[in-house]
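Enquirer: dropping the sequence and predicted coords here.
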Amino acid sequence: MTKRLRTYAATAVAGLVMAGVQFVGAASAHADDVTPTAPPGTEPSAAAPVPIDANAPGLKIPQGGTLAPIKVLDIAEVVEDLGGEQRRQETNQTVMMALQSEVMFPEDSAVFNAQAAARIQAIAQEINTQKAAQVRVFGFTDDQGSYEHGKELSKKRADAVQAELAKTVTNPGVTFDVRGYSEDYPIADNGTEEGRKKNRRVEITFPRSTK
């Protein structure tokens with residue numbers, strides 16, 4: 001069973017700063033109270049559809065008010081099973097699959113369990129369907145234990161997932177970007193075990209087909 005979480009963001013978001021108060025044109029909804037963060041280079045890349053003139057009289061900004069910098073966000077749809085073991089996030093540009101480490105690896109290990117290969121092969125088949133030429137495989141841990149151990153373990157797990165993907169991905173020109181980030185870039189609260197389980201994950205991201 002899955003639960004569907006939709007994150008909607010305005011295509012062009014312009015906040016007005018008036019009398020020291022900033023009004024933001026969009027709000028995000030996600031599974032946890034912690035705002036998800038993203039590794040460098042993975043931020044949304046959408047551009048404003050039209051130029052906005054901060055001095056345009058039609059804006060009718062009160063005297064002393066200023067136009068905040070334009071912020072453009074992707075529209076994202078998130079589908080997560082009830083246990084949070086698998087999370088799918090789609091934007092107009094990419095598909096990201098996040099698998100909890102517990103469903104793939106024994107504790108403190110980078111060796112697959114019996115069910116992990118089938119999950120990863122299914123993702124590889126979708127990569128084939130999307131004809132993706134670039135695939136990111138990022139590993140993450142929670143904030144328990146040392147940072148360096150977490151970085152080593154998260155990278156080994158990402159390497160293991162990439163190796164399994166490579167067995168099924170058929171595009172001969174595909175390139176993989178494989179990284180381990182330890183406890184950096186959490187998507188949930190490390191103060192609870194439920195949140196830590198979500199943070200112990202491997203993310204597989206690839207572009208959506210434009211056809």
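Expert: It's in.
Enquirer: show me where pLDDT drops low in the chain?
Expert: 1-37, 40-50, 72-74, 82, 210-211 (pLDDT under 70).
Enquirer: all strands of it, in order?
Expert: Taking DSSP state E to define them, one finds strands in the chain at 2-7, 16-18, 21-23, 66-67, 76-81, 86-90, 94-100, 134-140, 175-180, 201-207.
Enquirer: so which bits of stretch 143-151 are buried?
Expert: Under the neighbour-count criterion of 16 or more other C-beta atoms under 10 Å, stretch 143-151 has G150, K151 buried. Glycine gets a C-beta too; all of them are placed from N, C-alpha and C.
Enquirer: please name the bridge partners of A76.
Expert: Note on A76: beta-bridge partners by DSSP bridges are T7.
Enquirer: for A132, see how far away it is.
Expert: Distance, A76 to A132, by C-beta to C-beta, to the nearest Å: 18 Å.
Enquirer: sorry, back to before: reformat the strands of the chain as a markdown table; add distance to Q162 and mean neighbour count.
Expert: Conversion of those to a markdown table gives the following (distance: least, C-beta to C-beta, whole Å; neighbours: other C-beta atoms under 10 Å):
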| stretch | distance to Q162 | mean neighbour count |
| --- | --- | --- |
| strand 2-7 | 26 | 13 |
| strand 16-18 | 45 | 16 |
| strand 21-23 | 42 | 10 |
| strand 66-67 | 44 | 14 |
| strand 76-81 | 23 | 17 |
| strand 86-90 | 18 | 19 |
| strand 94-100 | 13 | 20 |
| strand 134-140 | 5 | 24 |
| strand 175-180 | 5 | 16 |
| strand 201-207 | 9 | 23 |
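Enquirer: which among those strands is found nearest to I127?
Expert: Among these, strand 201-207 comes nearest to I127, with 5.3 Å by C-beta to C-beta.
Enquirer: so where's the longest helix in this protein?
Expert: Secondary structure of the chain per DSSP state H: the longest helix is helix 147-168.
Enquirer: outside of that one, which residues touch it?
Expert: With C-beta atoms under 8 Å, 6 or more residues apart in numbering as the contact definition, helix 147-168 has outside contacts at 99, 101, 104-105, 108, 110-112, 116-117, 120-121, 123-125, 127-128, 135, 137-143, 176, 178-183, 202, 204.
Enquirer: quick one: that helix to strand 201-207, angle?
Expert: In terms of direction (axes from the mean of the first three to the mean of the last three C-alpha atoms, to 10 degrees), helix 147-168 departs from strand 201-207 by 50 degrees.
Enquirer: name the nearest residue to V111, sequence neighbours excluded.
Expert: Using C-beta to C-beta, 6 or more residues apart in numbering and skipping residues adjacent in sequence, the residue nearest V111 is F105, 6.6 Å away.
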